[in-house]
Each structure stands twice: as C-alpha cells, then as structure tokens.
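Trainee: Below is the sequence, then the predicted model.
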Amino acid sequence: MIVAVKRNKKQKIVKIISLLILVCLFGGYYYYTGKAFEEQQQKELENKKTLKIEEDKQEKIKKDVEKAILVEIEKAVDLVGQENVKHVKIIENKVVLVCEVNTNLDALMVRYGVMAFVKKTLNEVIIAVDIDFILKSKLNAK
C-alpha cells in the first residue's frame, strides 16, 4: 500500500514566519536587557566616581587637619624649648606637653593665653592645649 502525504505550502510559510517571530522576540529581549544592564553599569560607575571624589575630599581634609595639629605642636615645642620637653602626647582632644620643672612658659602663655592649661608638679610641668582651639584658630587664619 502506498500512502501519499500532501504537504501544504501554507504550513511551510507559517513555520518560517513563526521562526522569524521567535528570533525577533529573542533579539528584542537581548537588546532590551543589554540596554538595561548598560544603564545600570553607568549609574554604578557614576556613584563610584562620586564616592571616590567624596573620599578624596575627606582624606584631604584629614591630612590638612593632621598637618595643622603637627605644625602647632612643633611651634609649641619651639616656644618651650625642645631641650625642656620630655613627652608630647595627644590624649582625647588635647595636646599634652610634659616639660622639665625649670621651663620658661612665658612665650607659650603669650601664644595660647588661658587656652593652655598648665599644671606644675614637683617633677614636671604639664601643659595641655585643646585641639579644637588649634583648629578654630587655623580655620580663622585661612
């Protein structure tokens, strides 16, 4: 027995059209997701740049503050006389200078006035200067 199957040209055209539609859908989806991912990457890059700029500004401010404090400590040590200074420490928000008993503090008192806290003991003289005072004087100078 011979069986003959008729194939319709319309079925072939429908299959080709449906395949083209499927390829177009996948292409559109790929294009859309690519664009969305690119936009997301661009936003993340911009956020990273702004964060980097802010961090750089913060680092610069920190370095400027540290430099101002160190310069002020050097000036205070020079005013007292380096040979008279035993220790220099930063405790909380104060710069503490520990000096010999016979240290002349007149120059230091002229510079800082009542903002320098002085305590004289039998073995040493302790001078404390507030860091906030140092920073305010530096900010007002600039």
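Mentor: Happy to help now that I have it.
Trainee: Please enumerate the helices of this protein.
Mentor: With DSSP state H as the criterion, the chain has helices at 9-80, 106-112, 131-141.
Trainee: These: which one's closest to V118?
Mentor: The closest of the helices of the chain to V118 is helix 106-112. By Cβ to Cβ, the value is 7.7 Å. Quick note: C-beta positions are derived from backbone N, CA and C, even for glycine.
Trainee: Now the closest one - C-alpha only, PDB.
Mentor: Taking C-alpha atoms only, helix 106-112 is exported to PDB below (Å, rounded to 0.1, in the frame of the first residue of the first chain):
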ATOM      1  CA  ASP A 106      56.100  82.900  79.100                       C
ATOM      2  CA  ALA A 107      56.200  82.500  75.300                       C
ATOM      3  CA  LEU A 108      53.700  79.700  75.400                       C
ATOM      4  CA  MET A 109      51.400  81.700  77.600                       C
ATOM      5  CA  VAL A 110      51.600  84.700  75.200                       C
ATOM      6  CA  ARG A 111      50.600  82.500  72.300                       C
ATOM      7  CA  TYR A 112      47.800  80.500  73.900                       C
END
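Trainee: List the contacts of it.
Mentor: Applying Cβ atoms under 8 Å, 6 or more residues apart in numbering, the external contacts of helix 106-112 come out as 75-76, 79-80, 116, 118, 127, 129, 133.
Trainee: Derive a PyMOL selection command for the buried subset of these.
Mentor: In PyMOL, a selection of the buried entries from those looks like this (16 or more other Cβ atoms under 10 Å):
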select buried, resi 76+79+80+116+127+129+133
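Trainee: can you put the contacts of helix 106-112 in JSON lines and add distance to K52 and pLDDT?
Mentor: Formatted as JSON lines, the contacts of helix 106-112 follow (distance: Cβ to Cβ, whole Å; pLDDT from 0 to 100):
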{"residue": "K75", "distance to K52": "35", "pLDDT": "90"}
{"residue": "A76", "distance to K52": "36", "pLDDT": "89"}
{"residue": "L79", "distance to K52": "41", "pLDDT": "89"}
{"residue": "V80", "distance to K52": "42", "pLDDT": "89"}
{"residue": "A116", "distance to K52": "40", "pLDDT": "86"}
{"residue": "V118", "distance to K52": "45", "pLDDT": "90"}
{"residue": "I127", "distance to K52": "41", "pLDDT": "92"}
{"residue": "V129", "distance to K52": "35", "pLDDT": "89"}
{"residue": "F133", "distance to K52": "33", "pLDDT": "81"}
